Structures are given as C-alpha cells and as structure tokens.
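K.L.:
What follows is a predicted structure for the sequence shown.
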Amino acid sequence: MKPSTLNTINTHILPRFEYFEPRSLGEALELLDKLGSEARILAGGTDLLVKMKTGALRPRYLINIKRIPGLRYIRVEEGYLRIGALTTWNDLEESPETALFPALLDAVKQMGGLQIRVMATIAGNLCNASPAADSAPPLLVYDAEVVLASVKGVRVVRLEEFFTGPGRTVMRENEMLIEVKVPLRKGSSAFIKLARTSMDLAIASAAVYAEFEGDVVRDVKIALGSVAPRPLRARRAETAVRGLRIGDPSLMDALEVVKEEVSPITDVRSTAWYRREVSKVLVYDALVKSFERAGGVRA
Amino acid sequence: MRISFKLNGRLVEADVEPNELLINVLREKFGLTSVKYGCGIGECGACTVLVDGKPVLSCLTLAVDVNGREVTTVEGLAREGGLTPIQRALMEEGAIQCGYCTPGFVMVGEYLYRKGRKYSEEEIRSLIRGNLCRCTGYVNIVKAFKKALG
Ligand SMILES: Cc1cc2nc3c(=O)[nH]c(=O)nc-3n(C[C@H](O)[C@H](O)[C@H](O)COP(=O)(O)OP(=O)(O)OC[C@H]3O[C@@H](n4cnc5c(N)ncnc54)[C@H](O)[C@@H]3O)c2cc1C
Ligand code: FES
Ligand code: FES
C-alpha cells in the first residue's frame, strides 16, 4: 500500500527560517523589498505553517505582520466596507457590519472551525489564492478591490484581476495586501458551499449578487469557487440570466452556460464531471436564495 | 529569542527558536501535557489553548507569537480545587472515553462559557466542529455542552 504523504512527514516540527517581526507597515515593506522572493508574510499561519510542515513551501525568511498596529479593523466608510489585513474571519463573524453583506456572512459561518476562524485572516485567504478560498466568490460578486502596498506606494486592484492561477496572484514579491474594500450595494446576495463537512474545503461553491424587479432578475453577478484554476466570475452566465424571471423554467436552461464557463479538475474531493454539473445547480440555488432574501416569493 | 508571557496566571520566560511551535514549548519546557498533539495541521483541535482569551491551535502557532500575551491551558482552569462548569458537565455526562480530545473541548467550552451567553444545540454543534473525537460519537459531549452553556 502506498503510504499517504502525511505519514512520511513530521508535522511536529517546522523547518528553520530567519524570523522578522516588524513593528510598522513601513518596516515590513522595507523587509519585503530587501528579502525578495525568499520571504513570506506570516499572518494567521493556517495555510502557510501547514504548507511548511508538509514540505510544500520552504521560505528562507518569515515576516510576521501580526505586531503591526492599525491593520486590524472593519469599518464602513465612504460607501465601502473596509477590512484590514489582520482582520480575522472571527472578527467578521462578531461584527454587525458583516450582515450588510449576506453572501460574505454565509461564507464566514461555514468557514473552518472556531479556532481556525479565530486565527485566520481574510487577507491570508485571498493571498493564498486557492481556487477554493471561501471569501473569494462573495467578494467577487460585490466587486471588491484589494489595496496593495510596497515601498514604491500603493495600488488598488479589482479582485477579479487579482487571481491569476492556483496559488498565484498579480501581487509582486515586494507587495503586501493591506486592505480589502467592498462597495456597499442595495441588492440581495447569497453564497452556497458544497463540502463533505463545513470543516472541509469546498467541492464547489457559488455566490450570487442580484437586484430584482418583482421576480425579474435585473442586475446580477455570479462567482464560483473550486471549479476553475482560480475563483471565477461567471460573466456569460450573468448575461444569460439577466431579464429572466425567477421560477421561469427557462432559467435553469439559461444556466447551462455555467457548465461551459467552468474548467474543473478531478481531485480527492470530487470529479470534474460532478463539479461541472453541480456548478449550475449551485448558481441556481444561490440565485433563488438571494431572491427569497430580497423578500420575493416564488410563484 | 527570549520571550516572556503570562502562562496560567503566572509570568514566565523562555528561550525559543523562531521555528519552535507553541505546543512543543508548552509540553516540553513547561510540562503542560494537557495540550495534546493530534494532527499537527489544524484539523483536530486537540492542541487548543486560549491566547488572550481566544481559542487558538498551538500546533499552528509560533512560540514567539505569544510573547507578551496571556496563555491558558487546562492546568490553569481548575484552581482552588474546583472544576469549571464545562469540566464538571463533561464528567457528569460521561463525555470522556480515552480522553485525548477532552482538553481541546474543555478550552473551547471555557471560551464559550466566559462569553456569558447561552447557546442552542445547533450553535454548539457548529462551534465544536473544529474538535474531533474518535471515541464518543459526540452525543454526550453535546449533552455536556448543553448542560453548561444551554
Ligand atoms: C483545518 C483547516 C480548515 C480550513 N477551512 C477553510 C475553509 O473552510 N475555507 C477556506 O477558504 N479556507 C480554509 N482553510 C484555509 C485557511 O485557513 C484560510 O485560507 C485562511 O484564511 C488563511 O489565512 P491566514 O491568515 O492563516 O494566512 P497565512 O497562512 O498566514 O498566509 C497565507 C498566504 O498568504 C500570504 N499572506 C498573508 N497575509 C498577507 C498579506 N497581508 N499580504 C500579502 N501576503 C499575505 C502568506 O505569505 C501566505 O502565502 C482551512 C485551513 C485549515 C488548517
Ligand atoms: S494537533 Fe493542532 S489541530 Fe490537531
Ligand atoms: S474521548 Fe477519545 S478521542 Fe474523544
């Protein structure tokens, strides 16, 4: 029998690294600039330390950003929800502002276990750039932006352009994500995650943001997780359902296009075939859930 | 690196390497063997301790990260001989078989108890999903949590 990789790895110990604990953002950015590609930022560590223990990553330098003041906040300001780099999933769980973003709140409630939510940050979830990152589909349908800082200054990137592949983003090696900005919107939204248990990573997930006129879908945004090399904004599906009625039998047919938009793989959690089929259903269910949240009653 | 922190109410110091994990420092340097090593990758919750009052996995926490903070393990709970409500409830409901998972459940229960509110069974089940038990089937653990927190 082939031993599992975990049996051959000692998760009691972490490989060695040189450790830095900057006390200001400026100091952290200087370090990132100087140490380059061999450095990694440490936030909650729930992805990074696991990868280091299992041997997937072996950074030479770790820059622990947790002692930097002023990076942990949730604020509603100038039409945006602003989430700091050190804000945890549990911070969102306990903050009343999160209710303004029901799809995000759905994701928070289903993410990991309590201890993971207490430790893990939203920024870390995005920077880790897993196709299964649960904060991504909700943040994509809200048209969120990320603020990236380096010694050269700050730039704002639309989340849709942030992910480039599994574990890859447009972030340069001297950049750090310092804030997530989520525009406040008046529409309704929902996120549905399909997983073996809620502790597990998603087999597939879907988020929908929608504005309705009666039971007609007006503005709509759709995003999916775990069904493409990166969290996916499904633009073609959006065009296909715009103007249709909830409860109209042609709605499910229109969503056939989701199956063409996704490009899933087969792995331990599911097959590509199943992911493709279930994507469509998850989008449909999230759309109906948004409609019901908007006060709509299905005919 | 020299760190100092409050451990179960007492100020302590330790010399640690940056790659040393909190779980190993607590068990080996301070002899606090209530902190259990299960998986080492965040899945089982057996290594849960409170850091500044919040439940944290000591297998995924660098020891240097608790410098200046306050760490509580099961050894720091039942002072003056009395058990905490969650410990008592776990005993009374027969929620312990081999006991390996128990310290993790005790720490999560303690955190929830200190919040001073009540929890429904559904909430309890969801809040303990980061703690695995291979023996009990959870029924008596949930009963105990309901008794102490419901
Ligand atoms: C048991 C378990 C269950 C989990 N369940 C889920 C789940 O249900 N859903 C889910 O989506 N994830 C899950 N995860 C994965 C993980 O917890 C999340 O992705 C988490 O949000 C990562 O945040 P962190 O702060 O721990 O990141 P870290 O591990 O500290 O960092 C992750 C990566 O991002 C980089 N990074 C962190 N912060 C920044 C920053 N500000 N700027 C630039 N780079 C940065 C790091 O260098 C690293 O490469 C789970 C993990 C475990 C161990
Ligand atoms: S040993 Fe820490 S979560 Fe399993
Ligand atoms: S009592 Fe044995 S693992 Fe829970």
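P.N.:
Perfect, I can see it now. Computed from a predicted model, the values in this text were never measured in an experiment. Ligands and ions are numbered 1, 2, ... in the order given.
K.L.:
Just after the longest helix that chain B contains, pick out the following helix or strand.
P.N.:
Looking across chain B with DSSP state H, the single longest helix is helix B:102-114. Using DSSP states H and E, the helix or strand that directly follows helix B:102-114 along the chain is helix B:121-127.
K.L.:
Which SSE is immediately downstream of that following helix?
P.N.:
With elements assigned by DSSP H and E, the helix or strand that comes after helix B:121-127 is helix B:139-149.
K.L.:
Report the distance from that next one to the chain centre.
P.N.:
Here helix B:139-149 shows a centroid-to-chain-centroid distance of 16 Å under the convention Cα atoms, centre = their mean, to the nearest Å.
K.L.:
circling back to that earlier point, so is the longest helix of chain B next to chain A?
P.N.:
Yes - with Cβ under 8 Å from any Cβ of the partner chain as the criterion, chain A is reached by helix B:102-114 at B:108, B:111. Where you see a C-beta, it was placed from the backbone N, CA and C, and this is true even at glycine.
K.L.:
Show me what that helix is packed against.
P.N.:
Judged by 3 or more Cβ pairs under 8 Å, 6 or more residues apart in numbering or on different chains; DSSP states H and E, the packing partners of helix B:102-114 are helix A:114-119, strand B:48-51, strand B:54-57, helix B:85-92, helix B:139-149.
K.L.:
is it possible to export the ones you listed to JSON lines including mean pLDDT, mean neighbour count and distance to residue B:113?
P.N.:
Converted to JSON lines, the helices and strands packed on helix B:102-114 look like this (pLDDT from 0 to 100; neighbours: other Cβ atoms under 10 Å in any protein chain shown; distance: least, Cβ to Cβ, whole Å):
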{"stretch": "helix A:114-119", "mean pLDDT": "98", "mean neighbour count": "24", "distance to residue B:113": "14"}
{"stretch": "strand B:48-51", "mean pLDDT": "98", "mean neighbour count": "25", "distance to residue B:113": "11"}
{"stretch": "strand B:54-57", "mean pLDDT": "98", "mean neighbour count": "25", "distance to residue B:113": "12"}
{"stretch": "helix B:85-92", "mean pLDDT": "97", "mean neighbour count": "19", "distance to residue B:113": "6"}
{"stretch": "helix B:139-149", "mean pLDDT": "98", "mean neighbour count": "20", "distance to residue B:113": "6"}
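K.L.:
could you dump these to JSON lines with distance to residue B:101?
P.N.:
Listed next are the helices and strands packed on helix B:102-114 as JSON lines, based on distance: least, Cβ to Cβ, whole Å:
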{"stretch": "helix A:114-119", "distance to residue B:101": "13"}
{"stretch": "strand B:48-51", "distance to residue B:101": "10"}
{"stretch": "strand B:54-57", "distance to residue B:101": "13"}
{"stretch": "helix B:85-92", "distance to residue B:101": "11"}
{"stretch": "helix B:139-149", "distance to residue B:101": "8"}
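K.L.:
about what we covered before: next one: the longest helix of chain B to chain centre, how far?
P.N.:
Centre-to-centre, helix B:102-114 and its host chain are 6 Å apart (Cα atoms, centre = their mean).
K.L.:
who's in contact with it?
P.N.:
A:114-115, B:34-36, B:38, B:44-50, B:53-55, B:72-74, B:77, B:84-87, B:89-90, B:95-96, B:119, B:127-128, B:130-131, B:133, B:141, B:144-145, B:148-149 (Cβ atoms under 8 Å, 6 or more residues apart in numbering or on different chains).
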